[in-house]
Every structure is written in C-alpha cells, then in structure tokens.
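Colleague: Quick check, what structure comes out for this input:
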Amino acid sequence: MARAFPLEKLRNFGIVAHVDAGKTTTSERVLFYTGMSHKIGEVHDGETVTDWMEQERERGITITAAAISCNWTKTMETDRTNKDLQHTFNIIDTPGHIDFTAEVKRSMRVLDGAVVVFDGAAGVEPQTETNWGYADEANVPRICFINKMDKLGADYDASIKSIHERLSPKAVRIQLPIGREDSLSGVVDLITMKAYRFGGEMGMEVTEEDIPEELKTEAEKWRGELIEKVVEHDDEMMEKYLGGEEPSTEDLKRVLRIAVLKNEIFPIMTGSALKNIGVQLVLDAVVDYLPSPIDLPPVTGIDPKNDSEIERKPSDDEPFCALAFKLQDDKFVGQLAFFRVYSGTVKAGSYILNSSTGNKERVGRIVRLMADKREEVDEVYAGEIAAAVGIKEVKTSHTLCDEQNPIILEQITFPEPVVAVRVEPKTKNDQEKMSTALKRLSDEDPTFKVSTDEETLETIIAGMGELHLDILVDRMKREFGVEANIGQPQVAYRETIQHEAEAEYKYVKQSGGRGQYGHVKIRIKPLEQLEEDVTVPKNVTREEHFEFIDSIKGGVIPNEYIPAVMKGAKEAMSRGLVAGYKMEDVSVELFDGSYHDVDSSEIAFKLAAINAFKDAAKKANAVILEPIMKVEVRTPEEYMGDINGNISSKRGQVDGTEEIGGKTIVHAKVPLSEMFGYTNTLRSMTQGRASMTMEFDHYAVVPPNVAEEIKKNRGVTESE
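Modeller: Here you go, the predicted structure:
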C-alpha cells in the first residue's frame, strides 16, 4: 500500500497549556472544523472526544494525552475538496495539571511542533512554564494562542508581557483581537493586513474584510514591529526593507517560517475557542509555520553493536526506527503501544527488534487513534504516529527498529514521584487482582511507582500528587474491579550526605569448613552534576543520583568482586541511614581492600560494602531531604497579608508578587509536607476568591527539629 500523502504535508503537533486554559475546548473545535466530528463536545457537559475517560469527564480535566489524526485544508482555499491542498495532522491533546506532567513530557519527545494555549485573563500560569521548559528541552517550535479573549478581565497586552517576562522575549504578535471580553468579534492578521470574522454554525464561515478604521493605526504599529523581527533572519529582505521596500506577504511568511523552525520567533495569535473565533487561523498557521518531519534534522541514536552514534533520516527508504512513547490498556484489544516512526515503514504482522531489550517482537495489528476509537491500518510510514497491538515486552522509551539495522534512541527521562500512600486490598480476592492492576498502571505511567515496605510488607504507591494517586486508585476500582483501603498521603522524603568521608570494613565469618571474607575501603562524597558533554572515564559507572568509581590498582580486589561492592553500596543507599528513606546523589569510590583466595565471595564483598557505606555515611553527615514545591496563589489584593503570613507559618518563602488580570499573584516555595489540604485553607481564608497551583521544584535539607519529628514518626531512635 502506498503512502496516502506526501511527508511534507504532515504535521505532528501537540496542544499544551495550564489546566483550564482551554486546550480541550480548542481540540474539540479542531476536530469539528477538520470534519472528524460532527458535533462539538464541551468540557462542562462531559461530552468531549479527547477527554474520553470517565474520570476526565466527571472532573472536567485532561488526565491522559489523547492522539487524533485528521486532515486540514487552509481556510481561504476555495476548493476545499482538492486532496492536493490537504495537510494531515497528528494532534496530541495533553493534560494541563502538574500531576500528569509525564504525559506532556513524553508527548514533547515525539512531536515536531506545539500550539501553546494561554488564558487571556491569566497570562502565563505555572504549568505553562513547565510545558514550555519541556518544549525547550526537546527543541520544539511553538505557536502561541491567547485564548479566552471573550472572558471578563481578558488583556491581550498583559498576556503578551507575561510571555515575554516568564517564557521568551522572542514571542511576536502576528494578530490583534477585534474587541475584547463581550465585544470580541474577530481578529486582525498583521501579515495579510486583513480582518477575519467567524459566522454561521459554530464559526464555520470565515470572512475576510478590511481592518476596522479604529484599529488601523495600532495594526500598522505592530506590523512594523513584526517586520523588523522577521527581516533579521534574511539579509536580502533586510537590505530591501532598509531601502524602504515593504516585504510581500509571501516573503514575510517564508522567512517567518524559517525563524519559527529555528525557535527564533514564536508567533502569537488570539481568539476564543469557546466562542468559535480564531481556531481555523491557528490551523492555517500550523501549516504555514510548524515543521513537517522533513524540516527537522535526522534523529540520532546509538548503534548497540559498537556504541557509535548513528542517525536515521525521515524517509520511507531508510531502515525502520521508532520510539514507543506511551502504553495504554485497552479493554477491547489489550495493551496498546503508541509509537512515533522516525524512519522507514512497518507492516502489521511483521517482526521487529526491540533494541532496548534485545528481543524480537511481532507487531500483531497497527491502529491509528481517534482518542478512544481506533482505525486499523496495514502499514505506517516515516513521520507517522500510531499504536501497535501485540508487542508484549515493550515499555515507555523503548526503541523499535529493523533487526538488521539496530539503533537505540535516547530515552525519555521522567520526574520522580513526591507523594506516597499505603494501599491494601479489602479482601483476599482483591489481593491478586491488585498486583495485576498496579503492574499494568505502573507500566502505563512512568511517574507511578509501586514498592513494598520491607518491615511491614505493606504495598506503597507513589505519584506526582494527591490527585494523581486518587485517579489511579479510582481506575483500579473501575477498570480492574479492585476494592482497596488507602492510607494518608505521605511525603516522599530522600536522604543524602553533606561531606566527604572514608570507611573500612572487613567482613570475616568462620563456621567450620569454608568461611567468608571481604575487605573494602571506600570513600564517599556528594555527587557533582556533570555537564552534558563531559566524557565519563572508563573506571566510573554513572547512573541517575549515583556514581561508582573503581580505583582498585594491582588487583588487590579481583575484578569479579567489584560489581558486588557497587551492588552493596546501592543496596545500603536504598535503605537510607537517617530515617530509612532512599539515599541519593552520592559518589562512592572503592580505593583499597583485600581478599582471600578461598574464602572470598561476592556475598562477602557485598556485605562488607553495605557496612562500610553505613559507617562512612555516619561520618559524612547524612541528612533528610524534603520536596519543596513551587506554589502560585492568585488572590484579590485584600487577602495578601493573610496569605503571606500563612505561607510563612508553613516554613514557606515568598519569592515575589505580580499583578495580572486584576489579581495579585504570589510566588512562593513551600515544603510539600505543609501543603496537604491547603486548597481548603485558602478558600476559607479568602471566602473562596483565591486559587492556587503547585508543582515540584527541588529537594532541600529539612531543619533539625523537623528531622527529629520525621525520625520519631518512622520509629527511629538515636542509637540507630
């Protein structure tokens, strides 16, 4: 089967924003205008296509990233049935709540561009900053859409100011709103210098007209700024412009596209998805400015045969290479593995290599996704996004490729969970079902961790926040029929060391016959973060939050026992020293020791390493770390004093305030342990007029008095 459309007419992009900025409402308009749905579903009615999970419709928020495939012909094209004018979109509608940030991060990894949606009355909000950071990491070109310009308090200029101050000064307006709040009626395009109105059913009829007289001066002013920013990226156009020649619309678009692809300009557009104003022009801008797969450099990876760097071009003729970026349990077909094809093609029923595991897998069926609905296809091509049924051992971030041409792509890294709860099945019948459910859910979500308390043998689940865990427990009940009792939320504390220290331990045991002998000398110190381009020496094993240095000379410890020493150090770190929490960011150097020809064994060296690490950690001033949250409170000014005082009482620190949309925004850093139930406190303090958001910022050492309380609650005594 041949490719249905040219690669240059494909756009893979995401719709991202803070919760309640209007992403899903925008996505619903996109589906309607592209003909993929014949009725617009509204979030407040619980009838949206992309928010298809029961929990999403009940709560009115996006929880899981939904993939959609559709076609688009630009708004002002007269022959909209002409296939040659069509572009194919693969769109991912991502969550805006910080608890589901993993969905955004993995989506950014496989998308070529993004439409970032803003609330016109709120400007840049915390999760928008986080998402923008993910897009920067992935080098994803972006278009900004300032939505909700019909909302009371909407302010286009203030929103743009917040984008410049908190995200990037490279954002440039290419549209102006015609009116605002109740009087919003259309937009002015600064490139074509035309006004656009949206009439008929759901704004389907787009009409082009002259700019209203009262906006002409303002439009000329901002067009001048736009041209100055664009001509910087083309010497010939710059010369003509300085010579008094105005660039043509075609030249402006051409050079603006070049700048957007290089992340040198982020175009700003505006409108109201709910009032059906401006969405079609955003889709036109996706075609005009966001990249197709062939606009991007080849993807690079590692050749597993020799660890050399290799690349794959976005072409059907290259060997097959794809990244699995998401797993989803489907009640009809089982596990779906979402993947992005970077090169080559893959057919249903064919065999591929999972180069991350080394296993050969059969692709049973391939489906294109329309949120929770599926369309079976025989083959997918370079640049496309699809889902496979029947791949058994795949996990998020695994590379799928042609077995004759293996490659391993860079893995997606995810934030660590910060909130944990104890969970136990209500009945014996629920016990086995709960194990299955937790495994399936943790396979789907890399930020959801399941562990067992070694002392109490209780099951502990950890996630990104209370809402995250609430949703997962609810899914266990609805999708897997598991009834469970849930404990109180607990903070995911960590431990680390503050100084360098050395220790020696000799493990000797004689019990008749062959004994046990292991002797190690180690040095531990706080782990330094390396720059990305620093080459790690061969004697150093570098993992996340851990480093092991093998400095053994002259074979004083044989090579076969050194991995056991590293294993022992890691095991000691997993149990912690101060209060039994996992220890992080430690560098362990093995620099001396001895062995016995007969009695030495791996277990002896492992036990010696565990005890040596404990002794060294005591000398290195081991401490407890707690997660510190970045908190943003939006409040009327009259409650500022109460809120600042309350934050201080929670060991918090106010970093600053700003005014947006008639409200004062308080920026603060507060320990997570002090933030449980804060939403209710804030509502009662401000008569329900303030709101807050928070996200993980960093780990910090807990004060001594708090550390004592934590140890007491964990049943740790000073002698331990």
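
Colleague: so who does Phe320 touch?
Modeller: Val341, Ser343, Gly344, Thr345, Val346, Ile352, Leu400, Cys401, Asp402, Asn405 (CB atoms under 8 Å, 6 or more residues apart in numbering). Every residue, glycine included, has its C-beta placed from N, CA and C.

Colleague: distance of it from Asn354?
Modeller: 12 Å (CB to CB, to the nearest Å).

Colleague: Going by distance to Lys305, which of the contacts of Phe320 wins?
Modeller: Top of the list for closeness to Lys305, among the contacts of Phe320 and by CB to CB, is Asn405 at 10.2 Å.

Colleague: burial of the closest one, as a residue count?
Modeller: For Asn405, the neighbour count with other CB atoms under 10 Å is 17.

Colleague: if we can go back for a sec, joint contacts of Phe320 and Asn354?
Modeller: Both Phe320 and Asn354 are in contact with Leu400, where contact means CB under 8 Å, 6+ apart.

Colleague: ok, back up a step: keep only those of the contacts of Phe320 that are in strands.
Modeller: With DSSP state E as the criterion, strands contain Val341, Ser343, Val346, Ile352, Leu400, Cys401 from among the contacts of Phe320.

Colleague: With distance to Leu281 and pLDDT added, can I get those in a markdown table?
Modeller: Shown next, in a markdown table, are the ones in strands among the contacts of Phe320 (distance: CB to CB, whole Å; pLDDT from 0 to 100):
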| residue | distance to Leu281 | pLDDT |
| --- | --- | --- |
| Val341 | 30 | 92 |
| Ser343 | 33 | 93 |
| Val346 | 36 | 92 |
| Ile352 | 40 | 92 |
| Leu400 | 37 | 93 |
| Cys401 | 39 | 92 |
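
Colleague: Turn those residues into JSON lines, columns for neighbour count and distance to Phe696.
Modeller: Formatted as JSON lines, the ones in strands among the contacts of Phe320 follow (neighbours: other CB atoms under 10 Å; distance: CB to CB, whole Å):
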{"residue": "Val341", "neighbour count": "24", "distance to Phe696": "33"}
{"residue": "Ser343", "neighbour count": "26", "distance to Phe696": "35"}
{"residue": "Val346", "neighbour count": "24", "distance to Phe696": "37"}
{"residue": "Ile352", "neighbour count": "23", "distance to Phe696": "36"}
{"residue": "Leu400", "neighbour count": "26", "distance to Phe696": "31"}
{"residue": "Cys401", "neighbour count": "27", "distance to Phe696": "34"}
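
Colleague: What is the most widely separated pair among these?
Modeller: Ser343 and Ile352, at 12.9 Å, using CB to CB across the ones in strands among the contacts of Phe320.

Colleague: Measure how buried the residue lying closest to Val363 once chain neighbours are set aside is and give me the count.
Modeller: Closest residue to Val363 apart from its sequence neighbours, by CB to CB, 6 or more residues apart in numbering: Ala388 at 5.0 Å. By other CB under 10 Å, 25 other residues sit near Ala388.

Colleague: Tell me the pLDDT of Ala388.
Modeller: Reported pLDDT at Ala388 in the predicted model: 88.

Colleague: Need phi/psi at the closest residue to Phe480 other than its chain neighbours.
Modeller: Once flanking residues are discounted, Phe480 sits nearest to Ala437: 3.8 Å by CB to CB, 6+ apart. Phi and psi for Ala437, reported as degrees, to the nearest 10, are phi -60, psi -50.

Colleague: and Pro177, that one's in a strand?
Modeller: Yes: under DSSP: H, G, I helix; E, B strand; the rest coil, Pro177 falls within a strand.

Colleague: ok, back up a step: rebuild the ones in strands among the contacts of Phe320 as JSON lines, extending it with distance to Ala273.
Modeller: Listed next are the ones in strands among the contacts of Phe320 as JSON lines, based on distance: CB to CB, whole Å:
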{"residue": "Val341", "distance to Ala273": "30"}
{"residue": "Ser343", "distance to Ala273": "35"}
{"residue": "Val346", "distance to Ala273": "35"}
{"residue": "Ile352", "distance to Ala273": "39"}
{"residue": "Leu400", "distance to Ala273": "35"}
{"residue": "Cys401", "distance to Ala273": "39"}
